[in-house]
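Visitor: test case, fold it:
(2 chains)
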Amino acid sequence: MQRRDFLRVVGTGAAVVAVYPSMIGQTLYADDGQLYKAYEKVQLVGADGSPIKASTLEKEKTYVFNYPHVAAPCFLINLPEKADSEVKLKSEDGIEYIWSGAVGKDSSIVAYTAICPHQLTHINKVDSFISYVPKAAKTMAYTEGGVIVCASHLSAFDPKRGAVNLSGPAPQPLASIVLEHGKDDTLWAVAVLGQDKFHEYFKSFNSEFKEQWGGKRKAKKLVKFSVPTVVINEYTKEVIQY
Amino acid sequence: MKKVMALLMLIALSTTSFAVEQKERISDMKHMADGMGLIMNGLLYNYLDTITDGVRYIQEGVQNIQKKGDLKSYLPEDTAYAHKFGEKSLRRIMEYSNELNEAMKAKDYDGALESASLLMRQCNSCHSRVRGW
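Guide: Now for the predicted structure:
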């Protein structure tokens, strides 16, 4: 390569990064406003290490796994009905993005970060003030069940529509976990869609990370290869719902 | 007549008990608010002893409330159902105030500032739920 061509390539690269700084770090803002961050593809497995099969997930039972960080909790829910697709969502700072829909035979399996974007209420090993309220159940946060509710300040999110914030003080949807459904019925987490709150989350709960994960550094590590996925009552001691 | 008297006594007793609880609650909250004020002043003017006093006030407030046991009867009647949220808030307040103390000992000003703001947020988090805006 001649010196002039080399300089042209370097210059173009620098210009692209200057105009789209998000090109660094795998954060992609597509033309249609998508906000998408890819992480290592990780298989969802049971507590015994065997792969979770999508067809075995019970309807409306909440499962929990950690992704993309070791201590970043997420909900996996097999909804009672098919989820919507191509749902337009908006993050707190106004970025619009598209949630493409659920996976599985019935297009009903969804996954979201279990960290409320309002004040970072989340599920941990001791308790959970955020959880899925089944369709037939009642909640103070919304007019009907079938929603994810943050019991701290009563925000409700619609899992059928990309966890859009329906009511309460939450300023944006829950970030969603992009799932892949393998031909062999296995489930894989591959990315986070939407504006996550991991930065604030890891700044806010030092004592908890120390107690439950051996420190913040360990808690922040990225999950690799596979991640245990268990029902909510096995993950935490108490689920509090209002 | 006896029944009426008993009913009146019951009403009087429950009103008195409610008034006592409310008085205790105001006193505990004021103690903790004073503590928060001391922390803010201490951070602003770099008075380390003032910050330590503020942390002590807040932790005394938390311990006073925790001593009462069940928060259900401590919270206002209309938000008593949120007692688990209140209990969790107290635990977090204790954590953040301990972290503030540790940051002070380590002469970590930024860490202390961070803990103080988390402490303030936690206080407001509970107030916005229990007292409303």
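
Visitor: in a strand, residue A:148, correct?
Guide: Yes. Under DSSP: H, G, I helix; E, B strand; the rest coil, residue A:148 falls within a strand.

Visitor: pLDDT value on it, please?
Guide: The confidence metric pLDDT takes the value 98 at residue A:148.

Visitor: how much space separates the residue most central in space within chain B from residue A:211?
Guide: By C-alpha atoms, centre = their mean, the mean C-alpha position of chain B lies nearest to residue B:29, the distance being 4.9 Å. Counting by C-beta to C-beta, to the nearest Å, the gap between residue B:29 and residue A:211 amounts to 28 Å. All C-beta spots, glycine's among them, are computed from the backbone N, C-alpha and C.

Visitor: quick one: name the residues of chain A near chain B.
Guide: The interface of chain A toward chain B, taken as C-beta under 8 Å from any C-beta of the partner chain, is made up of A:119, A:127, A:129, A:151-153, A:203-204, A:206-208, A:240, A:242.

Visitor: hmm, try it at 6 Å
Guide: Residues of chain A found near chain B, taking C-beta under 6 Å from any C-beta of the partner chain as the criterion, are A:119, A:153, A:204, A:207, A:240.

Visitor: just after the helix or strand bottoming out on mean pLDDT in chain B, pick out the following helix or strand.
Guide: Within chain B, confidence by mean pLDDT, DSSP states H and E is lowest for helix B:2-45 among all helices and strands, at a mean of 77. Downstream of helix B:2-45, the first helix or strand assigned by DSSP states H and E is helix B:48-67.

Visitor: touching, residue A:67 and residue A:189? I think so.
Guide: Yes. Using C-beta atoms under 6 Å, residue A:67 is in contact with residue A:189, at 4.6 Å.

Visitor: what touches both of those two?
Guide: Both residue A:67 and residue A:189 are contacted by residue A:177, under the criterion C-beta atoms under 6 Å, 6 or more residues apart in numbering or on different chains.

Visitor: neighbours of residue B:42, how many?
Guide: Counted by other C-beta atoms under 10 Å in any protein chain shown, the residues lying close to residue B:42 total 21.

Visitor: and it, how close does it get to chain A?
Guide: Counting by C-beta to the nearest C-beta, to the nearest Å, the gap between residue B:42 and chain A amounts to 21 Å.

Visitor: so who does residue A:39 touch?
Guide: So residue A:39 contacts residue A:68 (C-beta under 6 Å, 6+ apart).

Visitor: separation between it and residue A:166?
Guide: To residue A:166, residue A:39 is 28 Å away according to C-beta to C-beta.

Visitor: residue 53 - nearest residue in space that isn't next to it in sequence?
Guide: No chain in the question, so chain A it is. Beyond its immediate neighbours in the sequence, the residue positioned closest to residue A:53 (C-beta to C-beta, 6 or more residues apart in numbering or on different chains) is residue A:185, lying 4.4 Å away.

Visitor: hm, I was asking about chain B
Guide: Counting by C-beta to C-beta, 6+ apart, residue B:53 lies nearest to residue B:38, which is 5.2 Å off, once chain neighbours are set aside.

Visitor: tell me the contacts of that neighbour?
Guide: With contacts defined as C-beta under 6 Å, 6+ apart, the neighbours of residue B:38 are B:50, B:53-54.

Visitor: now chain B against chain A: closest residue?
Guide: Among the residues of chain B, residue B:95 lies nearest to chain A; the distance is 4.1 Å by C-beta to the nearest C-beta.

Visitor: burial measure for residue A:100, as a count.
Guide: Counted with other C-beta under 10 Å, the neighbours of residue A:100 add up to 15.

Visitor: list the contacts for residue A:59?
Guide: With the criterion set at C-beta under 6 Å, 6+ apart, residue A:59 makes contact with A:78, A:80.

Visitor: now with 10 Å, please.
Guide: With contact taken as C-beta atoms under 10 Å, 6 or more residues apart in numbering or on different chains, residue A:59 is in contact with A:77-81, A:106, A:108, A:134-135.

Visitor: next one: residue A:236
Guide: Contacts for residue A:236 (C-beta under 10 Å, 6+ apart) come out as A:64, A:73, A:114, A:123-128, A:131, A:230.

Visitor: 7 Å instead?
Guide: A:123-128 (C-beta atoms under 7 Å, 6 or more residues apart in numbering or on different chains).

Visitor: how far away is it from chain B?
Guide: The value you get for residue A:236 to chain B, if C-beta to the nearest C-beta is used, is 13 Å.

Visitor: spatially nearest residue to residue 82 (excluding sequence neighbours)?
Guide: No chain specified, so I'll use chain A. Sequence neighbours aside, residue A:107 is the residue nearest to residue A:82 in space, at 4.7 Å (criterion: C-beta to C-beta, 6+ apart).

Visitor: that's the wrong chain, I meant chain B
Guide: Nearest non-adjacent residue to residue B:82 (C-beta to C-beta, 6+ apart): residue B:129, at 5.8 Å.

Visitor: now residue A:85
Guide: Closest residue to residue A:85 apart from its sequence neighbours, by C-beta to C-beta, 6+ apart: residue A:101 at 3.4 Å.
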